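Q: Could you work out the structure for the sequence below:
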Amino acid sequence: MGRTDNHNKYYINSKGERVLRVSEVISSLAKESIATWANFLGFKHVDYKKELERVRNIGTLCHDVLEKYFDDKRLADIDFDQLNITDYSSKMEVRSALESFIKWYKKFIKHHTYNVKFTEYVVVGNHLGGTIDCGIDGWKDPDKVIFVDYKTSGDFYLTQFLQLAAYTMIYEEANGPDTVEGVMVIRMDKKGKKAEARFLPRKKMDEYITCFQCLYDVTMGVKFLNANFREDTEIF
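A: Next up, the predicted model:
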């Protein structure tokens, strides 16, 4: 697997073919909300693309720090220069989000384990690819895995769980059924309030996987028709 930059990774399957990113499929469902957000920023005279890049970089840096935090061999420093985060407000959002996670984590581990199996784990199937933020030991069965996705969004969204459902589908292609115990989204707060988490057990994920598969079919259909509609239609 290679990457073009921090936000546009590409994935190659076992046949040497480039496959669709899971996030590309998910984005087809999120376009309306993104358009609404872009319009809102426009009213405030904020450049949408610059703000999107700023928010993405904050999330990416938080992921990087947490990855190091759970690796005994790496120092969990905050390298703002890595993603060109220079303004005070953005730096404070990063620090607050990380403090938010620590508050949640200290309370969480009093009642549950959080044994990290892997971080930044690449999964590639025949037609799709993606990267799982983190995998921890299952709580009921430590031989199974729980996928963890770190978010700095303002709320929980269906798309977050559809993305994790897609990762589950691809992971099980390679590792077999009954290897995933569930998925969890941890939403860090950029104002420093304690993070929140939502857990979806594997037994309730089949509908999410089916929904994602439908989105995939629509995405591929749109790509095909968009490439061919000029040849299929006539001008009068």
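Q: Grab the most central residue of this structure for me.
A: Centroid check for the chain by Cα atoms, centre = their mean gives Asp149 as the closest residue, at 5.8 Å.
Q: What lies in contact with whatever helix or strand that residue lives in?
A: Here Asp149 is covered by strand 145-151, with elements defined by DSSP states H and E. Residues outside strand 145-151 that contact it (Cβ atoms under 8 Å, 6 or more residues apart in numbering): 59, 62-63, 66, 101, 117, 132-139, 160, 163-164, 167-168, 171, 179-188, 199. (C-beta placed from N, C-alpha, C; glycine too.)
Q: Those in helices, which ones?
A: Gly59, Cys62, His63, Leu66, Phe101, Gln160, Gln163, Leu164, Tyr167, Thr168, Tyr171 (DSSP state H).
Q: Would you convert the residues you listed into a markdown table that also reports pLDDT?
A: Output for the ones in helices among the contacts of strand 145-151, formatted as a markdown table (pLDDT from 0 to 100):
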| residue | pLDDT |
| --- | --- |
| Gly59 | 89 |
| Cys62 | 92 |
| His63 | 88 |
| Leu66 | 91 |
| Phe101 | 96 |
| Gln160 | 94 |
| Gln163 | 96 |
| Leu164 | 97 |
| Tyr167 | 97 |
| Thr168 | 97 |
| Tyr171 | 97 |
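Q: out of those, who's nearest Arg21?
A: Gln163 (10.2 Å; Cβ to Cβ).
Q: Touching, that closest one and Arg21? I think so.
A: No - the criterion here is Cβ atoms under 8 Å, and Gln163 misses it with Arg21 at 10.2 Å.
Q: Find residues that contact each of those two.
A: Both Gln163 and Arg21 are contacted by Gly130, under the criterion Cβ under 8 Å, 6+ apart.
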